[in-house]
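Would you be able to build a 3D model of this:
(4 chains)
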2 protein chains.
Amino acid sequence: MLKQERQQKIIDILNDEHKIIASDLSKRLSVSEDTIRRDLKELDSQGIIKRVHSGALRKGPPVQDFSTRKEIYNETKLNLANKALNYIKDEMVLLIDGGTTNLQLVHQLPLSLKGTVITNSPPIAMAFSNHTDIEVIMIGGTLFKQSMVNLGIHTYETLNEMRADLYIMGIYNIDPENGISVPSSSEALIKRKMTSISNEVLGMVTNDKLDTISNHIVCPTDHLTYLITENVNPDIKRLYEKQGIAIND
Amino acid sequence: MLKQERQQKIIDILNDEHKIIASDLSKRLSVSEDTIRRDLKELDSQGIIKRVHSGALRKGPPVQDFSTRKEIYNETKLNLANKALNYIKDEMVLLIDGGTTNLQLVHQLPLSLKGTVITNSPPIAMAFSNHTDIEVIMIGGTLFKQSMVNLGIHTYETLNEMRADLYIMGIYNIDPENGISVPSSSEALIKRKMTSISNEVLGMVTNDKLDTISNHIVCPTDHLTYLITENVNPDIKRLYEKQGIAIND
DNA sequence: TGCTTTTCTGCATGTTTGTGCCCCCTTGTT
DNA sequence: AACAAGGGGGCACAAACATGCAGAAAAGCA
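The predicted structure follows:
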């Protein structure tokens, strides 16, 4: 694995998990702790992360702290969310999984929106507390604290009984050839299931993730109905269009 | 747990509770009192907190924060939570439903606690995000936004498959003659079910609720194994004791 | 393709940091 | 004044770290 690639991976992990421990990273990325330390040192000097003894912290507040939710604000994600709003109509049955991008989207939804939301993510569910005309159905399971979603056999089986109009998928990694991938197998399983019970699937990605892969493949990109992003490299855009995926609105 | 992370947590706790006792922090964060003292000393020298004998105080007014946190905090509830801690041991299967008192209790649980937690409340589930040795199982259902718990037939049926050692019940109303009651029938149903699948039941109530009734009866008071409260009117206490309920620790 | 230069990585070394424990002094309480 | 609880400082140990070095991998170049 290239150094640059590895460092991008570290940033991605840190975006999801708000803290990382050098020794853990060493195992996850299969390099020595020395290398990880050098990476962290470098990323810190670039001001991207905050280096601390035994690991590093993300700059900015943790995501799961709900009271600080305003601060997960991010210009790009906000733009994506606003584009996605066009596909969400009253009386839909929405299936929404976890991730900060999805959380951002939910916060942009009009309070007057009517419909049903199915989710396996406690933070997403709570974000609807003020939407009086939305019925929220939570899918239970074993809480996967890293990304704050419920997973496991129970989640899978409950999903079997459900159908949705639109699945709003939180995407970690996507690549035109290999498809959508995530770092954990149990998450991949649930996402795949969610895709299969939904009529349409909508994904949002920042352009820097448009050609990244992770360990576990969820599905090919052509399972997506909509892929929302911005400032796409034309080459990559062409690759996606070859698969019949309309990029952007 | 990283040092920086721990210190941030101390600051957060202090924002909620305006004063902290070193020995309490030691238990909650599962580190020695020496370490806590060093943390407090450090934070004080940075001017972030005010160190005092046996603990620390918040400097200045609380950070403005619209969240429900401040509403949660309450001296009495904190005391109740601390008493309840005595009944919670490692390796237990805990069943916890919603309510601010329960949330308060969860915040007091030592980070090193091991075991399993079953809950139908998203905020309770999320409150365990830092407890690395606790497996959280969320029970799904229809989100009842008023009290942020999942309810309904799906919740009921999932509970059928579960067993717990101790059920920590959030109590709205209790009365020695009429028993425990809540304002909604679906909540009553679920609470009753939870009682039936648990070996022991623990309730916490502030003394002003000790003789109040609501529309829907959950169960008689003698379904409780422990009832924790404080400053009880002796007359009322006698009424409870007549039913075989030990009041206070 | 083959060669050189540069960058990157893992290991070995000695150093620093973080934490718990202990002793003994200080503070607050009764 | 007596006594318990809290606190300072030193010690010890483990984990994390910086550094130098040598071999491997990548990049540049002919």
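
what's near enough to touch the residue nearest the centre of chain A?
By C-alpha atoms, centre = their mean, chain A has its centre lying nearest to A:Gly170, at 3.2 Å. Residues counted as contacts of A:Gly170 (C-beta atoms under 8 Å, 6 or more residues apart in numbering or on different chains) are A:Asp97, A:Gly98, A:Gly99, A:Thr100, A:Thr101, A:Asn102. For the C-beta atoms, the positions are set from N, CA and C on the backbone; glycine is no exception.

Now the two most distant members of those.
Spatially, the most separated pair among the contacts of A:Gly170 is A:Asp97 and A:Thr100, at 11.9 Å (C-beta to C-beta).

what comes up buried for the lowest-mean-pLDDT helix or strand in chain A?
Least confident helix or strand of chain A, by mean pLDDT, DSSP states H and E, is helix A:234-241 with a mean of 78. Residues of helix A:234-241 classed as buried by neighbour count (16 or more other C-beta atoms under 10 Å in any protein chain shown): A:Ile236, A:Lys237, A:Leu239, A:Tyr240.

Stretch A:119-129 too?
Under 16+ other C-beta under 10 Å, the buried positions of stretch A:119-129 are A:Thr119, A:Asn120, A:Ser121, A:Pro122, A:Pro123, A:Ile124, A:Ala125, A:Met126, A:Ala127, A:Phe128, A:Ser129.

now do the same end-to-end measure for that stretch.
Here the two ends of stretch A:119-129 are set 14 Å apart, with distance taken as C-alpha to C-alpha, to the nearest Å.

can that stretch be found next to chain B?
Yes: counting by C-beta under 8 Å from any C-beta of the partner chain, contacts between stretch A:119-129 and chain B involve A:Asn120, A:Pro122, A:Pro123, A:Ala125, A:Met126, A:Phe128, A:Ser129.

I'd guessed the fourth one sits against A:Gly140; true?
If I follow you right, that is A:Ala125. No: with contact defined as C-beta atoms under 8 Å, A:Ala125 does not reach A:Gly140; the gap is 11.1 Å.

re earlier: considering the buried residues of helix A:234-241, which is situated nearest to A:Leu210?
Minimum distance to A:Leu210 across the buried residues of helix A:234-241 is 5.3 Å, recorded for A:Ile236 (C-beta to C-beta).

A:Tyr167 pairs with what?
When bridges are called by DSSP bridges, A:Tyr167 pairs up with A:Leu95, A:Val201.

Tell me the spacing between it and DNA strand C.
37 Å (C-beta to the nearest atom of the strand, to the nearest Å).

One more: A:Lys59?
The value you get for A:Lys59 to DNA strand C, if C-beta to the nearest atom of the strand is used, is 18 Å.

cool, A:Pro220 as well?
30 Å.

Please name the nearest non-neighbouring residue to that residue.
Distance criterion C-beta to C-beta, 6 or more residues apart in numbering or on different chains; nearest residue to A:Pro220, sequence neighbours excluded, is A:Gly179 at 4.1 Å.

what's A:Gln7 in contact with, if anything?
A:Asp39, A:Glu42, A:Leu43.

what secondary structure does the most far-flung residue of chain A relative to its centre sit in?
Farthest-out residue of chain A from its mean C-alpha position, per C-alpha atoms, centre = their mean: A:Asp34, at 29.7 Å. At A:Asp34 the chain is in helix, as set by DSSP: H, G, I helix; E, B strand; the rest coil.

The one 4 residues further on now?
Per three-state DSSP, the local secondary structure of A:Arg38 is helix.

what's the burial count for it?
The burial count assigned to A:Arg38 is 14, neighbours taken as other C-beta atoms under 10 Å in any protein chain shown.

Tell me the buried residues in the longest helix along chain A?
What stands out as the longest helix in chain A, according to DSSP state H, is helix A:3-17. By neighbour count on 16+ other C-beta under 10 Å, the buried set for helix A:3-17 is A:Arg6, A:Gln7, A:Lys9, A:Ile10, A:Asp12, A:Ile13, A:Leu14, A:Asp16, A:Glu17.

One more: stretch A:199-211?
A:Val201, A:Leu202, A:Gly203, A:Met204, A:Val205, A:Thr206, A:Lys209, A:Leu210, A:Asp211.

Any idea how far apart the tips of that stretch sit?
Stretch A:199-211 has an end-to-end distance of 25 Å (C-alpha to C-alpha).

for stretch A:84-104, same thing?
11 Å.

and chain A, which residues reach DNA strand C?
A:Met1, A:Leu2, A:Lys3, A:Arg6, A:Val31, A:Ser32, A:Asp34, A:Thr35, A:Arg38, A:Asp39, A:His53 (C-beta under 7 Å from any atom of the strand).

so how far is A:Ser214 from the second one?
Taken as C-beta to C-beta, to the nearest Å, the spacing of A:Leu2 relative to A:Ser214 amounts to 16 Å.

Show me which of the two is the more surrounded one.
Neighbour count, other C-beta under 10 Å: between A:Leu2 and A:Ser214, A:Ser214 has more, with 20 against 7.

element containing that one, please.
Under the criterion DSSP states H and E, no helix or strand holds A:Ser214.

For it, which residues are in contact?
Shown in contact with A:Ser214 (C-beta under 8 Å, 6+ apart): A:Tyr172, A:Asn173, A:Ser181, A:Val182, A:Pro183.

Only the buried members of the residues you listed: can you turn that into a ChimeraX selection?
To isolate the buried members of those in ChimeraX, using 16+ other C-beta under 10 Å:
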select /A:172,173,181,182,183
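
Which one of the contacts of A:Ser214 is nearest to chain B?
A:Pro183 (18.0 Å; C-beta to the nearest C-beta).

What residues does chain A have near DNA strand D?
Checking chain A against DNA strand D by C-beta under 7 Å from any atom of the strand, the hits are A:2, A:21-23, A:33-34, A:37-38, A:41, A:52-55.
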